[in-house]
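In: generate coordinates for the sequence data below:
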Amino acid sequence: MHRSLHAPLLVVGGGLGGVAAALTAARLGTAVVLTESSDWLGGQLTSQAVPPDEHEWIETHRISPSYSELRERIRDHYRREYPLRDGVRDLVNLNPGAGFVSRLCHEPRVGHLAIREMLSRWEASGLLTVLTEHDPIAVHRDGDRIVAVTLHDRRSGLDVTVAAERVVDATELGDLIELGGFASVVGAEGADETGELHAPAVADPTDQQAVTWCAALELRPGESHVIDRPDGYSRWRDTVPAFWPGSQLSWTDVEPISLDVRERPMFLGSPEAAIDSEDRDLWHYRRILSRAAMAPGWPGNDVTLVNWPQVDYWDRPLVGVEPTERSVARAEARELTTSFIYWMQTEAPRSDGGTGYPELKPRGDVVGTADGLAKDVYVRESRRIRALFTVTEQHIGRDMRGDESGSELFRDSVGIGYYRIDLHPSTAGRSYVDVDCFPFQIPLGALIPRDGDNLIAGCKNIGTTHITNGAYRLHPVEWSIGEAAGALAVMSLDRRVPPAEIWHDHALTRELQSILSERLGIALAWSDDIRTRGSKSEAVRIPTPR
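Out: Okay, the predicted model is just below:
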C-alpha cells in the first residue's frame, strides 16, 4: 500500500530550520507538511543533544520573536514542573543546568516538548501535518522543478509520496539536493576558487567537519554504573591521530584558537564538591541539569552533556559517500563515544586521586534513548546548494575585512546571526580552524539554488562555503534561515512566481523583507556598533518599503 499526500509546501527535515520554516508558513496561513527522520523534532537542539550555542545578544534583543518564544517555553517548563529553589524560579534568564557554554543549558527532551507545544495549535488547525520517522528516499522532478518527494515510514514500513508546489530541504545532510541531483558542494572549496584566507589551497570534498555522537551523564556519588567495555575500545584508547597531541581517550586536547595543547579534567576537585561549585571544568561546560538549582530534598543529581573534543569523530566523512560507508562512520562515531564513557568510568585519572569515575551514569531518558547516547549524530556540515549567492569569508571574516569594517551589508538580508567561524577538526586530517568574524546578515540569495525552480534550502545546506558554514551552522542562525525559507515559500506561492524571481526583482525582495520585519518582527540588520563588534545598541529592522 502506498499513500499519497498533497500540500502547497513540503518541508523535509524537522531540525531547527525545518521547524522554523513550517511554523512560519503556518503562521502566514499556508498549509504545510513537515517530515522528519527521527521521532523527535528539533535536530541539533534535541535529537542530536546539543545545548544551544548562541551569541552574546541573544537575551537582550528579540532578533527572532519565535526563537525567543522557544527559549522561553523551555524555561517555563522548568518553572512549572521542577522544584526550583527560591530565587532560581524567578530568574528572568533561568539556566536550568548552569552550564557555561550557553545561557540556556537544558535537557534535550524538554526542547522537544517545547517545540511540540509551539506546533500544537497549527497541527490542530489542519494547517500543519507532521510526519516523524519518515526518511526521504526519492525526489521526483520535472525539469528544474520538484513535483513530489517519496518518503519511507519506518513505523509502518510503507512509503508515502507528497506532492507540493514548493519544497524546503531542511535535512541534516542535504538529502533532497542529493536525491534530486541538484548542483551542490561537498566538503571544502579551494582558495583558488573562493579566495578565502583560511580555505585549503584546492578543493577537497573529503574535508568535512568532525561529527559528534553526544551523550548525557548523571553524577551519582557512591554508586557504580560502569558500562560494558566496547569491542573497539583498544583502538580508540591506543590510537594517536597525526594532528592531535595524544589519544582522544584522555583529558588532553587542543585549544581551538591558538592550537596550544591543554589539559582539561572533568572535575577540578572531587565530584561531590563540583555539584555546588561553578568551576570552569568539563563537567560544568555543558551541564544541562543542576542539582544546586533544586529545592532541598530533590532526589535527582547533576546531569551533563558530553559534547567535548574527546568525542569528535573525524575518521570518515558522512557527506558524498556511499550509504555503507556512511553507516560505518555513524557506527564508529557511536563506538568512540561509548569508549570515552567507559574510559572515564574505569581508567581516567581522577582530580581527587585514583582512577575512574564509576559514579557516572548514562541517562538515556534525557536524550530519548536506552543507552544515554543521543538519538542521532551531531552534524556540523551538510551538502550545500550551488546558490544564487554564496557567503564567503570575505563577507564576514575579521582577518579579511579589517578590524573595524564590520560585516558585508546585503541588500537582500532576510535575517541576522552571529557566531565565530568555528570549524572542528576535519576528515581531511587538519585541526581546528577557529577565527573571528563580525555579526552578519543572512542573504536571501544563499537560500535559492541556481538550478531548482521551486526548491529552497532551509538549514546549514544554504550557499555558504566550508569556511563560512562554521559561523552559519549554529542554533539561532539555523532557526532564522528556516524562518526566511518559510516566508519565501509562502510569498512565492502567493505571488505565483519562483523563489529566484523574488531575489532578482528588488521590489519583490523588499516585499519579502517587509513580511519578515513587519509581520513577523524579525530583525534583518544589526546596528552599526554591533555589526563592527560593539555591544550596546539594539538589533534594528529594515524599514518597511514605501
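In: residue 84 against residue 292, yeah?
Out: No - contact criterion CB atoms under 8 Å: residue 84 and residue 292 do not qualify, at 10.6 Å. No exception for glycine: its C-beta is placed from N, CA and C like everyone else's.
In: of those two, which one has the most company?
Out: Using other CB atoms under 10 Å as the criterion, residue 84 and residue 292 rank with residue 84 on top: 20 against 13.
In: what distance do you get for that one to residue 138?
Out: For residue 84, the distance to residue 138 equals 49 Å [CB to CB, to the nearest Å].
In: same question, residue 487
Out: Taken as CB to CB, the span from residue 487 to residue 138 is 28 Å.
In: neighbour count: those two, which is higher?
Out: Per other CB under 10 Å, whichever of residue 487 and residue 138 has more neighbours is residue 487, with 27 against 14.
In: what's the neighbour count on residue 11?
Out: 35.
In: which helix or strand in this protein has the lowest average pLDDT?
Out: The helix or strand of the chain with the poorest confidence is helix 271-274; it has a mean of 88 (mean pLDDT, DSSP states H and E).
In: can you tell me what sits against stretch 115-128?
Out: Stretch 115-128 has contacts (CB atoms under 8 Å, 6 or more residues apart in numbering) with 19, 22-23, 26-27, 29-32, 34, 41-42, 45-46, 66, 69-70, 73, 129-130.
In: where does pLDDT dip in the stretch 1-150 of the chain?
Out: Scanning the stretch 1-150 of the chain for pLDDT under 70 picks out the ranges 1.
In: for this protein, which helix is longest?
Out: helix 323-346 (DSSP state H).
In: report all helices and strands that it contacts.
Out: Helix 323-346 sits against strand 211-212, strand 215-219, helix 233-238, strand 303-306, strand 312-313, strand 360-362, with contacts defined as 3 or more CB pairs under 8 Å, 6 or more residues apart in numbering; DSSP states H and E.
In: now render the ones you listed as CSV, adding mean neighbour count, distance to residue 5 and mean pLDDT.
Out: Below are those laid out as CSV (neighbours: other CB atoms under 10 Å; distance: least, CB to CB, whole Å; pLDDT from 0 to 100):
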stretch, mean neighbour count, distance to residue 5, mean pLDDT
strand 211-212, 26, 32, 98
strand 215-219, 24, 35, 98
helix 233-238, 16, 44, 98
strand 303-306, 27, 36, 98
strand 312-313, 24, 36, 98
strand 360-362, 23, 38, 98
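In: switch these over to CSV; also include distance to residue 378.
Out: As requested, those are exported to CSV (distance: least, CB to CB, whole Å):
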stretch, distance to residue 378
strand 211-212, 4
strand 215-219, 11
helix 233-238, 18
strand 303-306, 10
strand 312-313, 9
strand 360-362, 17
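In: which one of the ones you listed lies nearest to residue 414?
Out: strand 211-212 (28.0 Å; CB to CB).
In: ok now that closest one, how far from the chain's centre?
Out: 11 Å (CA atoms, centre = their mean, to the nearest Å).
In: neighbouring contacts of it?
Out: Contacts of strand 211-212 (CB under 8 Å, 6+ apart): 307, 311-313, 318, 329, 333, 337, 377-380, 424.
In: just the buried subset of these, please.
Out: Neighbour-count burial (16 or more other CB atoms under 10 Å) is assigned, among the contacts of strand 211-212, to 307, 311-313, 318, 329, 333, 337, 377-380, 424.
In: re earlier: mind listing what's buried in the longest helix of the chain?
Out: 326, 329-330, 332-345.
In: residue ranges for the strands of the stretch 401-546 of the chain, please.
Out: 413-417, 421-423, 433-435, 440-443, 455-457 (DSSP state E, counting those that start in this stretch).
In: need those strands in a markdown table (columns: mean neighbour count, distance to residue 53 and mean pLDDT).
Out: Converted to a markdown table, these look like this (neighbours: other CB under 10 Å; distance: least, CB to CB, whole Å; pLDDT from 0 to 100):
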| stretch | mean neighbour count | distance to residue 53 | mean pLDDT |
| --- | --- | --- | --- |
| strand 413-417 | 27 | 11 | 97 |
| strand 421-423 | 23 | 8 | 97 |
| strand 433-435 | 20 | 13 | 97 |
| strand 440-443 | 26 | 15 | 98 |
| strand 455-457 | 28 | 21 | 98 |
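In: okay, buried residues for stretch 249-260 please.
Out: Buried, per 16+ other CB under 10 Å, within stretch 249-260: 249, 250, 251, 252, 253, 254, 256.
In: where along the stretch 1-150 of the chain do the strands fall?
Out: Using DSSP E, counting those that start in this stretch, strands in the stretch 1-150 of the chain cover 2-12, 32-36, 128-132, 134-142, 145-153.
In: tell me the most buried of the ones you listed?
Out: strand 32-36 (a mean of 27; mean count of other CB atoms under 10 Å).
In: returning to what we had before: which residues are contacting the longest helix of the chain?
Out: 211-215, 217, 225-233, 236-237, 248-249, 266, 306, 310-311, 313, 315-318, 321, 355-358, 360, 362, 371-373, 377.
In: go with 7 Å
Out: Helix 323-346 is contacted by residues 211, 213, 215, 226-227, 229-230, 232-233, 236-237, 249, 266, 306, 310-311, 313, 315-316, 318, 356-358, 360, 362, 373, 377 when judged by CB atoms under 7 Å, 6 or more residues apart in numbering.
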